[in-house]
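Colleague: Provide a 3D model corresponding to the input given below.
(one chain, ligands or ions: 1)
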Amino acid sequence: TQYEALKGLYHLRETIGSGGFAKVKLGYHVLTGEKVAIKIMDKKQLGEDLPRVKTEIEAMKELSHQHICKLYHVIETDEKFYMVLEHCPGGELFDYIVAKDKLGEDEARVFFRQIVGAVAYIHLQGYAHRDLKPENLLLDDDQNLKLIDFGLCAKPKGGLTSQLFTCCGSPAYAAPELISGKEYLGCEADVWSMGVLLYALLCGYLPFDDDSISALYRKIQTGKYDVPRFLSKESVRILDDMLQVDPKKRVSIKELQCHPWILKNFNIPVDHRTKYKVSVLDEDCITEMAVHYGKSKAEMTEILSKWKYDYFTSTYLILMAKKMRGQPVRLLQKP
Ligand SMILES: COc1cccc(Nc2ncc(-c3ccc(C(=O)NCC(=O)Nc4ccccc4)cc3)c(OCC3CCNCC3)n2)c1
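Modeller: Got it, this is the predicted structure:
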């Protein structure tokens, strides 16, 4: 039968997204009943992109942050990769903006501060995202944003990956230097995309848009965009600081963290540090799992400390997520 590798571990439900060579299905973690997102990739379809999946999986293991969708479990079979990930019940930020037409400056600031924190964090871990757009920002059940990289475009930062603009979908968010095939820095290109993203949040439409790709590229390379009169002068200023065609004139992610627009009403810079303590394991979760598996706490601690991203890891991380949401740290008893 299909998806044999998930049997007894996760119940599979409907497909919630598909794109490129990945399909995402809603799943339930059997031991906790919690929802998960299961990203399924077929090795044959991946072809020469297969190493990129391994890079993404290794990246995900390094990325543990409150505004980045968490990886729980990796299963590899002869035909497929399964990535079991945090499910975000609120869906895409894209749909949220469409439903509200556009966001007020204050609401946009709450979201944008979370995005700046997540992107600053991945940059400090040595990664650039390269495909920042509202479809890759999901909402959890507390209206917090979770960054994902659905299109497998996240790659180690580095400079001269003048890779052709192949993998990542929408060019509307792409920096001028990226689409002109010049050498570029991933972290600088990410700041441009964040400018396009903030413009979309504040205006409800894109700064650079055209049905013809080549016309769109020309508009991006001029860097000229319409500034609606309802934007405050501070909003106009931060958009101008990010949407600089010359990457060397563009504001850096570090400067963004304490930009006047970012500080307004908050008066504290964006803190990019993660809230998760991955080093020390949680007593309650260890105890609950030790009892369930009939092991000593020492044995359970030993197993979990290996972070093998197996079912032990996913069960622990899901119990931790429940605890952080104030829910009981409980496993469903053996059937
Ligand atoms: C209509 O959609 C709805 C409606 C209602 C609920 C949900 N909930 C819901 N939750 C979770 C997901 C998900 C999480 C992570 C990944 C992933 O690919 N991680 C890998 C990853 O993040 N790398 C990475 C991140 C940062 C740096 C480097 C690497 C993939 C999918 C989801 O997907 C649905 C797709 C649909 C197409 N647009 C994108 C989302 N959807 C979605």
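Colleague: Send me stretch 214-227 as CSV with only the CA atoms.
Modeller: Output of stretch 214-227 as CSV, limited to C-alpha atoms (Å, rounded to 0.1, in the frame of the first residue of the first chain):
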residue,chain,number,x,y,z
SER,A,214,10.5,40.5,-19.4
ALA,A,215,8.4,43.6,-18.7
LEU,A,216,8.3,42.6,-15.0
TYR,A,217,12.1,42.2,-15.0
ARG,A,218,12.6,45.7,-16.5
LYS,A,219,10.3,47.2,-13.9
ILE,A,220,12.3,45.5,-11.1
GLN,A,221,15.6,46.7,-12.6
THR,A,222,14.4,50.3,-12.7
GLY,A,223,13.4,50.0,-9.0
LYS,A,224,10.5,52.5,-9.7
TYR,A,225,7.2,51.7,-8.0
ASP,A,226,4.0,53.5,-7.2
VAL,A,227,3.8,55.1,-3.7
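Colleague: Show me what counts as buried in that stretch.
Modeller: Buried positions in stretch 214-227, judged by neighbour count with 16 or more other C-beta atoms under 10 Å: 216-217, 219-220, 225. Every residue, glycine included, has its C-beta placed from N, CA and C.
Colleague: likewise stretch 302-315?
Modeller: 303-304, 309, 311-315.
Colleague: And stretch 268-277, by the same measure?
Modeller: 269-270, 272, 274.
Colleague: Need the contact partners of that stretch.
Modeller: Residues from elsewhere that reach stretch 268-277 (C-beta atoms under 8 Å, 6 or more residues apart in numbering): 64-66, 113, 116-118, 120-121, 124, 256-258, 262-263.
Colleague: with those residues in mind, which one is nearest to Tyr72?
Modeller: Using C-beta to C-beta, Ser64 is the member of those that sits closest to Tyr72, with 11.3 Å.
Colleague: Can you tell me the element the nearest residue to the closest one once chain neighbours are set aside falls in?
Modeller: Take Ser64 and drop its neighbours on the chain: the residue closest to it by C-beta to C-beta, 6 or more residues apart in numbering is Tyr276, 4.7 Å away. For Tyr276, there is no enclosing helix or strand under DSSP states H and E.
Colleague: per-residue pLDDT, Tyr276?
Modeller: For Tyr276, the pLDDT comes out at 89.
Colleague: Ok, Lys334 next?
Modeller: 67.
Colleague: Ok, Gly181 next?
Modeller: With respect to pLDDT, Gly181 scores 86.
Colleague: in this protein, which helix or strand is least confident?
Modeller: Averaged element by element with mean pLDDT, DSSP states H and E, the chain has its least confident helix or strand at strand 155-156 (a mean of 62).
Colleague: Can you name every helix or strand that the helix or strand that it is followed by contacts?
Modeller: As assigned by DSSP H and E, the chain's next helix or strand after strand 155-156 is helix 176-179. Secondary-structure packing of helix 176-179 (3 or more C-beta pairs under 8 Å, 6 or more residues apart in numbering; DSSP states H and E): helix 186-203, helix 213-222.
Colleague: who's in contact with Ile318?
Modeller: Counting by C-beta under 8 Å, 6+ apart, Ile318 touches 29, 32, 34, 36, 72.
Colleague: Check Asp226 too.
Modeller: Asp226 is in contact with Pro207, counting by C-beta under 8 Å, 6+ apart.
Colleague: Helix, strand, or coil at it?
Modeller: coil (DSSP: H, G, I helix; E, B strand; the rest coil).
Colleague: What pLDDT does the model give it?
Modeller: 98.
Colleague: what's near enough to touch Glu299?
Modeller: By C-beta under 8 Å, 6+ apart, the neighbours of Glu299 are Ala290.
Colleague: so how far is the helix or strand where it lies off the chain centroid?
Modeller: Taking DSSP H and E as the criterion, Glu299 maps to helix 297-304. How far helix 297-304 lies from its chain's middle: 30 Å, per C-alpha atoms, centre = their mean, to the nearest Å.
Colleague: and if you look at stretch 286-293?
Modeller: Relative to its chain's centre, stretch 286-293 lies at 31 Å (C-alpha atoms, centre = their mean).
Colleague: buried residues in it?
Modeller: Buried residues in stretch 286-293 (16+ other C-beta under 10 Å): 286, 288-290, 292.
Colleague: Specify the next element, helix or strand, located C-terminal of the helix ranked longest in the chain.
Modeller: Identified as the longest helix of the chain according to DSSP state H is helix 105-124. Heading C-terminal from helix 105-124, the first helix or strand you meet, by DSSP H and E, is strand 127-128.
Colleague: which helices and strands does that next one pack with?
Modeller: Strand 127-128 packs on strand 155-156, helix 186-203, going by 3+ C-beta pairs under 8 Å, 6+ apart.
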